[in-house]
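# Pasting the sequence and the predicted coordinates here, then a few questions.
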Number of protein chains: 2
Amino acid sequence: MTTDGQAVTLRQVAAQAGVSRQTVSNVLNAPERVDPATRLKVRAAIESLGYQPSRTARSLATRQAGLIGYCLARHPGRSLFTDPFLHALTEAIEATGRRLLVFTAPEGAEGLATYADLIAQRAVDAFILSDTVDGDPRHGWLASRGVPFASFGRTWPEQGEQPGRWVDVDGAGACAELVRGLHSAGHDRIAFLGWRDPVPVGAAKDRQRGWRDECRRLGLPEQAAYADSDSMEGAAHAAATLLDAAQPPTAIVAAGDLLAVGVISEVRRRELRPGHDIWVTGFDDSLLATSVEGGLTTVRQPAAEITATLVRLLDAGPGRSGVLLDGRIVSRSSAPLDL
Amino acid sequence: MTTDGQAVTLRQVAAQAGVSRQTVSNVLNAPERVDPATRLKVRAAIESLGYQPSRTARSLATRQAGLIGYCLARHPGRSLFTDPFLHALTEAIEATGRRLLVFTAPEGAEGLATYADLIAQRAVDAFILSDTVDGDPRHGWLASRGVPFASFGRTWPEQGEQPGRWVDVDGAGACAELVRGLHSAGHDRIAFLGWRDPVPVGAAKDRQRGWRDECRRLGLPEQAAYADSDSMEGAAHAAATLLDAAQPPTAIVAAGDLLAVGVISEVRRRELRPGHDIWVTGFDDSLLATSVEGGLTTVRQPAAEITATLVRLLDAGPGRSGVLLDGRIVSRSSAPLDL
DNA sequence: CCTGGTCATTTGACCGGTCAAATGACCAAC
DNA sequence: GTTGGTCATTTGACCGGTCAAATGACCAGG
């Protein structure tokens, strides 16, 4: 509304409305304390001047930055879920009137200095953590200094509970459900395809555990293979070893969409039809899942629910708690399950 | 350093060092004005108290938020370059002592209200724009109110220059270079594979133009096909039509990595070898490029250079200017070019 | 000896809000 | 007619820095 460069202040609104600055402040922050008649008068002045309070001034007075910090993972493009997660997180935070500040930091304990700086500068009020690794140092460090945070992902401590509050998707449960679905569709040899990684990723182990436990429960053989890295090529090679076995699997549960696409390409190369001769499933419901022919059956991480929960936990105060959310199986033609 | 929750202030440092608050401020912002001896004394006090100035207080006084706004695109996961771009952008901004605030906004002209709010609240000093569309309303709007911004991507105005300052990657140039490389490797029939999209994406047209112009210059036939969407499946079908032609191409230049992977899968399905029988190239050097067997020849967008330039342009003041950066061709086995 | 100029440092006001205590109007109760 | 309580509104101090002008010490020049 202001065509001039200068911003409108509280006092200008007060002058225009013929009240004191505090009354204007009250209209915005505690309207019930203000007489309805003056409230209207002030609101009109606010409107006509196009006033919006300065976040900075308010932050200084309230000692709240109104910003949540989120560290971008070192390896961009590593996970296909990063992007939808970030988008959902931003919306969830904005829904509470705050905003998201993203930053980068070195990996591991070194990166804690960056977190320390942001707190010391009072640039953020709290942190959202993701890309957690086994024994992640951040959680304990932040909790010990009383910095509010919420974690997407577990730190898988050897024993005891992890510090602070977390949300995660039940990868084990989802994979178990996939195995059950495949089994009731008539599959008896359901293989798992994971990847080896320099960094131990708890999520991958979790998914495999769900598959293994369910296979045992159903008395199915446990065939597994591993890609050298999280790539289509590695997955294709690993899938080849599975398919070359004396008793090849009729279904392959892959630990991620990228792997699953690699499996599908190997299946196709052998003139076998995914979803008919060999059923294939992925994980993440990334853009790849709708990109392959007929679509990939996969597990969707409920991004909106995850981030809404994270934001809720941020304000839950100190303490320890965890929320485990269910992934939703999205059935497409690579493994036409009926759910 | 502070184990108590209370933050250290400038005045506490001043008291500790036995100087006035302004002297401490000068040590931080204009050290040359301070006597070396007192400078050391103050530095020691800062160190011992673990002092860091409050961003908020400084922002209020200087009227600079120290934050740059960046709007996340509506469709998360649409482009594989989003992730590396965001990472590089964050680092580039941090290198100048500022930080990145990300936000979401409705598409098109409606979203301008969100930009307006951020400015009115003085929450950000400037904006970085990306995911620009043809005739993007944001550029003119921001420029007309004197809000500093820099755009990754052109708005392709029908006539005249686009408002403000921009950086883009020369997609046309890179595709022309691919065509030249393929031609000198002996290819005479080099097809283009793009995609149709509800939103007109200037970048895709730009890449195709580069391919077309170079083919004409070399006197090569212009074969092109289009995927219904930016997906592997669509690309595979489009590739099939190309390969079924009476005079099938021996090389296919795809407008994106995802398309290229789709092309490769179709090529393999026909028992043809990518990089031998049919050469295939992509665009973006995304995680898919190293994920397919042998790797995908593709064009790398220079993320660090792009973002460094964007940040530089932010501080260039009002005016119009554009920087066109070269993409770098990364040769892998899907099209073993020697460059 | 007084003036004028640097240099290092300090002082008071200010950025634009919020908080807590103070003011004043109005009305019911003793 | 004084006291006490609510309600609406105002005042002064404060959040933690920065800016601009003022102060004081020191030294060279007329």
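Happy to help now that I have it.
# Are the helix or strand hosting residue A:194 and chain B in contact anywhere?
For residue A:194, the host element (DSSP states H and E) is strand A:190-195. No - shown here: strand A:190-195 not in contact with chain B (Cβ under 8 Å from any Cβ of the partner chain), separated by at least 11.4 Å. Just so you know, the C-beta spots here come from the backbone N, C-alpha and C atoms, and that holds for glycine as well.
# Check stretch A:280-300 too.
Yes - using Cβ under 8 Å from any Cβ, stretch A:280-300 reaches chain B at A:286-288, A:290-294.
# what about that stretch, how long is it end to end?
This stretch, stretch A:280-300, spans 15 Å end to end (Cα to Cα, to the nearest Å).
# Please point out which parts of it sit buried.
Neighbour counts over stretch A:280-300 (16 or more other Cβ atoms under 10 Å in any protein chain shown) mark A:280-293, A:295-300 as buried.
# what do you get for stretch A:197-210?
Result for stretch A:197-210 [16+ other Cβ under 10 Å]: buried residues A:201-208, A:210.
# cool, and stretch A:54-61?
By 16+ other Cβ under 10 Å, the buried positions in stretch A:54-61 come out as A:54-56, A:58-60.
# again, but for stretch A:128-145
Residues A:128-133, A:136, A:138-139, A:141-143 are the ones in stretch A:128-145 that count as buried (16+ other Cβ under 10 Å).
# which residues in the stretch 201-339 of chain A form helices?
Using DSSP state H, counting those that start in this stretch, the helices of the stretch 201-339 of chain A run over residues A:202-218, A:232-243, A:257-269, A:303-314.
# Next up, the contacts around the residue positioned nearest the centre of chain A.
Nearest to the geometric centre of chain A sits residue A:85, at 4.4 Å (Cα atoms, centre = their mean). Listed by Cβ atoms under 8 Å, 6 or more residues apart in numbering or on different chains, the contact set of residue A:85 reads A:130, A:152, A:301, A:303, A:306-307.
# Deepest-packed of the helices of the stretch 201-339 of chain A, please.
Among the helices of the stretch 201-339 of chain A, ranked by average contacts under mean count of other Cβ atoms under 10 Å in any protein chain shown, first place goes to helix A:257-269 (a mean of 27).
# so what secondary structure elements neighbour that helix?
Secondary-structure packing of helix A:257-269 (3 or more Cβ pairs under 8 Å, 6 or more residues apart in numbering or on different chains; DSSP states H and E): strand A:190-195, helix A:232-243, strand A:251-254, strand A:279-281, helix B:257-269.
# Nearest to residue A:48, out of the ones you listed?
helix B:257-269 (51.0 Å; Cβ to Cβ).
# quick one, the closest one and helix A:232-243 angle?
Relative orientation of helix B:257-269 and helix A:232-243, computed by axes from the mean of the first three to the mean of the last three Cα atoms, to 10 degrees: 40 degrees.
# to the chain's geometric centre, what's the distance from helix B:257-269?
Offset of helix B:257-269 from its chain centre (Cα atoms, centre = their mean, to the nearest Å): 25 Å.
# before we move on, back to that, state the helix or strand in which the residue nearest to the centre of chain A lies.
helix A:82-94.
# list the contacts for the closest residue to DNA strand D within the stretch 101-250 of chain A?
When scored by Cβ to the nearest atom of the strand, the stretch 101-250 of chain A has residue A:122 as its residue closest to DNA strand D, at 7.4 Å. By Cβ under 8 Å, 6+ apart, the contact list for residue A:122 reads A:63, A:65, B:7, B:54-56.
# what about residue A:126, how many residues close to it?
Counted with other Cβ atoms under 10 Å in any protein chain shown, the neighbours of residue A:126 add up to 21.
# burial measure for the closest residue in space to it that isn't next to it in sequence, as a count.
Spatially, and ignoring its direct neighbours in sequence, residue A:126 is nearest to residue A:148 (3.9 Å; Cβ to Cβ, 6 or more residues apart in numbering or on different chains). For residue A:148, the count of nearby residues is 19 (other Cβ under 10 Å).
# Wait, residue A:148 touches residue A:311, no?
No - assessed by Cβ atoms under 8 Å, residue A:148 is found out of contact with residue A:311, at 11.2 Å.
# Excluding residues flanking it in the chain, which one is nearest residue A:259?
Nearest to residue A:259 is residue A:235, by Cβ to Cβ, 6+ apart, at 4.0 Å.
# Surely the one you found touches residue A:254?
Yes - Residue A:235 is within contact range of residue A:254, at 6.6 Å (criterion: Cβ under 8 Å).
# what touches both of these two?
Residues within reach of residue A:235 and of residue A:254 at once, by Cβ under 8 Å, 6+ apart, are A:193, A:260, A:262-263.
# For the stretch 51-200 of chain A, which segments count as strands?
Taking DSSP state E, counting those that start in this stretch as the criterion, the stretch 51-200 of chain A carries its strands at A:67-71, A:99-103, A:126-129, A:149-152, A:165-169, A:190-195.
# what are the pairing partners of the fifth one, and which direction each?
The sheet places strand A:165-169 alongside strand A:149-152 (parallel), strand A:321-325 (parallel), with pairing taken from DSSP bridges.
# Kindly reformat those strands as TSV containing mean pLDDT.
Formatted as TSV, those follow (pLDDT from 0 to 100):
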stretch	mean pLDDT
strand A:149-152	97
strand A:321-325	95
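# Tell me the residues on chain A that lie near DNA strand D, please.
Within chain A, the positions near DNA strand D by Cβ under 7 Å from any atom of the strand are A:19-23, A:26, A:33-35, A:37-38, A:60-61, A:63.
# Which one of those residues is nearest to residue A:180?
Within the residues of chain A next to DNA strand D, the smallest distance to residue A:180 is 51.8 Å, found for residue A:63 (Cβ to Cβ).
# The closest one: neighbouring residues, count only.
11.
# what does residue A:219 give?
Neighbour count of residue A:219, defined by other Cβ under 10 Å: 8.
# so what's it up against?
By Cβ under 8 Å, 6+ apart, residue A:219 lies in contact with nothing.
# Tell me the spatial nearest neighbour of residue A:260, not counting adjacent residues.
The shortest distance from residue A:260 to any non-neighbouring residue, by Cβ to Cβ, 6+ apart, is to residue A:282 (3.2 Å).
# Kindly list the main-chain dihedrals of residue A:10?
Residue A:10 adopts backbone torsions of phi -60, psi -40, taken as degrees, to the nearest 10.
# repeat for the one 5 residues further on
Dihedral angles of residue A:15 (phi, psi; degrees, to the nearest 10) stand at phi -60, psi -50.
# how close does it get to residue B:256?
In this view, residue A:15 and residue B:256 are 57 Å apart by Cβ to Cβ, to the nearest Å.
# So between the two, which is more surrounded?
Between residue A:15 and residue B:256, counting by other Cβ under 10 Å, residue B:256 is the more crowded of the two (27 against 15).
# gap between that one and DNA strand C?
46 Å (Cβ to the nearest atom of the strand, to the nearest Å).
# Same question for residue A:326.
For residue A:326 relative to DNA strand C (Cβ to the nearest atom of the strand), the value is 39 Å.
# show me what contacts the residue nearest to that residue when sequence neighbours are not counted?
Among residues not flanking residue A:326 along the chain, residue A:170 sits closest, at 5.7 Å (Cβ to Cβ, 6+ apart). For residue A:170, the contact set (Cβ under 8 Å, 6+ apart) comprises A:210, A:324-327.
# Kind regards, and thank you for your time.
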